[in-house]
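J.: Just the structure for this:
(2 chains)
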Amino acid sequence: MHSNPHSIRTPAARVRGLGSARSGTHHFWMTRVTGMANVVLTLAFVMIVLMLAKADYAGALKIVGHPLAAIPLLLFVGSAAIHMRLGMQVIIEDYVHSEGAKVALLMLNTFFAVAIGLASAYAILKIGFAS
Amino acid sequence: MARTGPTERPLSPHLQIYKPSITMVMSIFHRITGAALFFGTLLLVVFLVALASGKSAFDQVQWIYGSLPGKLVLFGYTWALFQHMFGGIRHFIWDTGAGLERGTRMKLAWATLGASLATSVLVWFIYLAR
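T.: Next comes the predicted model:
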């Protein structure tokens, strides 16, 4: 990339490469990292759900409580919560132009993702530690 | 569209001006399934919290998920999950700089749809056959 010799950007700003949004490629990169994790974890998730589909209460507790199911499930809800927060952020930024509504929805988006992740993790850990 | 000035400036044409193409449809599907999965995660949380809460809560959730409307929603969730997953894999291919030629682009778009439908049907076939 050639930098404009007449640019008023400081050398420090150019070398940090964070641009006007001050976040650089972090959003793009985290979407890719969690997306890649989600490919593997989704396949594990679907297999666990297939095992759970016809289980009764005791059977379901036993499956979810097993470390080989609980750990992939924890990783899945963690990675998915981060990924969906990033994705919904882009959707909000694309379609909501009023500043107040946008800020409110971006906050709600974060609250929702954290709540989803923590509620799932609490439930999985409670089942796992009780079994 | 956000207007920044007092004058009406020309905007680039929006979706309805273009002839629909499979790559366009897959792009729209990727966003819609992403948004659907955002809310669909509630299905998983509700299941896990019910299971952690006790037998009556679990039985209630299982009854709802096992009903016909429940199954339809879960099938939709299954398809959205795979459509977004294969769409994401397509994006990973593009991230390397490959697969952007016209012919490959079209093939990848159809492959995304085909793979998501086939995998969804396969998963539900396994569920029903067990």
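J.: can we go C-alpha only for contacts and neighbour counts from here?
T.: Fine.
J.: What's the separation between the residue nearest the centre of chain A and chain B?
T.: For chain A, residue A:82 is the residue whose C-alpha lies nearest the centre (CA atoms, centre = their mean; 1.4 Å). From residue A:82 across to chain B, the span is 11 Å (CA to the nearest CA, to the nearest Å).
J.: C-terminal to the strand or helix carrying that residue, what's the next element?
T.: Using DSSP states H and E, the element containing residue A:82 is helix A:67-95. From helix A:67-95 onward toward the C-terminus, using DSSP H and E, the following helix or strand is helix A:99-130.
J.: now for that next one, which elements pack on it?
T.: Packing partners of helix A:99-130 (3 or more CA pairs under 8 Å, 6 or more residues apart in numbering or on different chains; DSSP states H and E): helix A:57-65, helix A:67-95, helix B:22-53.
J.: Next, the buried residues of the helix holding residue A:82.
T.: Within helix A:67-95, the residues scored as buried using 16 or more other CA atoms under 10 Å in any protein chain shown are A:69-89, A:92.
J.: helices and strands of chain A: which one has the lowest mean pLDDT?
T.: When each helix and strand of chain A is scored by mean pLDDT, DSSP states H and E, helix A:11-16 comes last, with a mean of 84.
J.: Can I get that helix in CSV, CA atoms only?
T.: What follows is helix A:11-16 as a C-alpha-only set of coordinates in CSV (Å, rounded to 0.1, in the frame of the first residue of the first chain):
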residue,chain,number,x,y,z
PRO,A,11,3.2,8.1,11.1
ALA,A,12,1.9,6.5,14.3
ALA,A,13,-1.7,6.4,13.0
ARG,A,14,-0.5,4.9,9.8
VAL,A,15,1.6,2.2,11.4
ARG,A,16,-1.2,1.2,13.9
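J.: Let me know the next secondary structure element after that helix.
T.: helix A:26-52.
J.: ok, is that following helix in contact with chain B or not?
T.: Yes - Helix A:26-52 comes into contact with chain B (CA under 8 Å from any CA of the partner chain), by way of A:32, A:35, A:38, A:39, A:50.
J.: check contacts around the second one.
T.: With contact taken as CA atoms under 8 Å, 6 or more residues apart in numbering or on different chains, residue A:35 is in contact with A:79, A:83, B:88.
J.: closest to residue A:28 among these?
T.: Distance ranking of the contacts of residue A:35 against residue A:28, using CA to CA, places residue A:83 first at 10.5 Å.
J.: Tell me where the chain is predicted with low confidence.
T.: No chain was given, so I picked chain A. Regions of chain A meeting the criterion pLDDT under 70 cover residues A:1-3.
J.: that's the other chain; I wanted chain B
T.: Looking at chain B by pLDDT under 70, you get B:1-6.
J.: Buried residues, stretch A:91-108. List them.
T.: Neighbour-count burial for stretch A:91-108 flags A:92, A:102, A:105, A:106 (criterion: 16+ other CA under 10 Å).
J.: swap in stretch A:29-46?
T.: By neighbour count on 16+ other CA under 10 Å, the buried set for stretch A:29-46 is A:31, A:32, A:34, A:35, A:36, A:37, A:38, A:39, A:41, A:42, A:44, A:45.
J.: Excluding chain neighbours, what is closest to the second one?
T.: With sequence-adjacent residues excluded and distances taken as CA to CA, 6 or more residues apart in numbering or on different chains, residue A:32 is closest to residue B:92, at 7.9 Å.
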